[in-house]
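Chemist: Prediction below, plus the sequence it came from.
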Amino acid sequence: MRRSPTALISVLALSTGLSAALAACGENSPSTPAETSPAVSAPATGAPGQAAPEAAATPEQAPGSAAPAAEATPAAAEGAQGGTDDWRQVASTADASLLGRLDQAWRMARAEAEDAGFADEVEKLGALVDPNAGLAGRLQPPPGTYRCRTIKLGRRTEGQGLAYIAYPYFRCTMEMTPGGDLFLTKSTGSQRTQGLLYPDTDRRLIYVGAQAWGDEAHFPRYGQTRERDQVGVFERIGDQRWRLVLPWPKQEAKLELLEVVR
């Protein structure tokens with residue numbers, strides 16, 4: 001079913017191929033200020049529920065050039081995976097329930113990061129870590145290339161990993177398909193993500209997508225591998241500034257943020 005680009009957005013239809021190179025997956029040493037703090041070290045590789053660290057870009061590299069981009073598969077003109085603009089018809093019941101606990105994730109994740117000694121780092125992030133910062137209007141970023149970085153707050157498993165990690169900027173893209181589907185892709189780094197943005201309210205879109213790890217050449221399809229699946233809230237928090245909020249992600253953190261800026 002064909003839809004207009006401004007009103008209807010549908011679900012992720014991507015290549016199902018995955019490579020076997022999972023050993024190099026995950027997120028790497030955090031960026032400043034986290035990497036300069038003696039309390040911060042890279043999360044242990046191979047811990048249950050954790051991906052390995054993401055390779056950070058050096059000053060000589062273009063943001064996000066430390067790992068290959070996973071290949072995206074263009075959606076059909078009539079719309080991706082069923083042509084629905086209702087995210088509830090796509091997300092699993094378990095993943096949808098995570099959005100109902102979004103406020104709890106914000107409270108617990110921020111408190112844990114601050115209690116672990118990162119209160120100043122969290123405070124400096126400003127609107128990015130303000131649960132009420134979402135603005136009405138202009139929710140859909142125009143198609144094009146963006147800078148994006150990941151912030152992780154809280155620990156997925158008590159006593160494992162870090163309570164706060166900030167990463168450098170990598171490359172993200174927004175693509176509107178002929179069928180009216182808006183894709184968000186984090187295309188570089190060793191944890192990459194791709195998914196569709198669905199209408200929800202006047203202050204947020206809903207993201208449904210999945211992660212590629214390491215040197216995998218393709219993104220998995222949502223629902224193909226549970227530990228890769230992601231469901232979150234996408235909000236505008238400033239002029240040419242957006243964020244993706246993933247409550248209770250399946251790796252490492254209690255709350256994961258992807259800042260997206262021009």
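Modeler: The structure has been received and is ready for your questions. Numbers count the residues shown, from 1 in each chain.
Chemist: Distance of D229 relative to W213?
Modeler: Look at D229 and W213: by Cβ to Cβ, to the nearest Å, they are 13 Å apart. Glycine gets a C-beta too; all of them are placed from N, C-alpha and C.
Chemist: between these two, which one's more packed in?
Modeler: Neighbours were counted for D229 and for W213 using other Cβ atoms under 10 Å; W213 has more, 26 against 22.
Chemist: Quick one: the strands in this structure, in order.
Modeler: For the chain, strands defined by DSSP state E occupy the ranges 144-153, 164-166, 170-176, 182-186, 191-199, 205-213, 229-238, 241-247, 255-261.
Chemist: out of those strands, nearest to W106?
Modeler: Among the strands of the chain, strand 255-261 comes nearest to W106, with 6.3 Å by Cβ to Cβ.
Chemist: For stretch 251-262, which residues meet the burial criterion?
Modeler: In terms of neighbour count (16 or more other Cβ atoms under 10 Å), stretch 251-262 has its buried residues at 251-261.
Chemist: closest to I206 among those?
Modeler: Once Cβ to Cβ is applied, the member of those that ends up nearest I206 is L258, at 14.2 Å.
Chemist: list the contacts for that closest one?
Modeler: Applying Cβ atoms under 8 Å, 6 or more residues apart in numbering, we find L258 in contact with 148-150, 172, 186, 193, 243-244, 246.
Chemist: again, 6 Å this time
Modeler: Contact analysis of L258 by Cβ atoms under 6 Å, 6 or more residues apart in numbering lists 148, 150, 244.
Chemist: okay, those residues in JSON lines with neighbour count, distance to D181 and pLDDT next?
Modeler: Output for the contacts of L258, formatted as JSON lines (neighbours: other Cβ atoms under 10 Å; distance: Cβ to Cβ, whole Å; pLDDT from 0 to 100):
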{"residue": "C148", "neighbour count": "26", "distance to D181": "19", "pLDDT": "97"}
{"residue": "T150", "neighbour count": "25", "distance to D181": "24", "pLDDT": "96"}
{"residue": "L244", "neighbour count": "25", "distance to D181": "17", "pLDDT": "98"}
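Chemist: could you point out the longest helix in this structure?
Modeler: Using DSSP state H to define each element, the chain has its longest helix at helix 102-113.
Chemist: tell me the mean pLDDT over that one?
Modeler: Helix 102-113 shows a mean pLDDT of 97 in the predicted model.
Chemist: just stretch 120-140 next, same as before
Modeler: 96.
Chemist: Sort out which residues of that stretch are buried, please.
Modeler: 121-122, 128-129, 134-135, 139-140.
Chemist: From the residues you listed, which land in helices?
Modeler: Those of the buried residues of stretch 120-140 lying in helices (DSSP H): 121-122.
Chemist: Which one of the buried residues of stretch 120-140 is nearest to L99?
Modeler: G134 (13.5 Å).
Chemist: What distance do you get for that closest one to W87?
Modeler: Distance, G134 to W87, by Cβ to Cβ: 17 Å.
Chemist: swap in P131?
Modeler: Counting by Cβ to Cβ, the separation of P131 from W87 is 20 Å.
Chemist: Pretty sure L257 sits against I151.
Modeler: Yes: counting by Cβ atoms under 6 Å, L257 touches I151, with 4.4 Å between them.
Chemist: Please enumerate the shared neighbours of those two.
Modeler: By Cβ under 6 Å, 6+ apart, no residue touches both L257 and I151.
Chemist: so where's the chain shaky on pLDDT?
Modeler: 1-83 (pLDDT under 70).
Chemist: re earlier: contacts for the longest helix of the chain?
Modeler: 122, 131, 153-154, 163-164, 247-248, 254-255.
Chemist: Thank you kindly, that will do.
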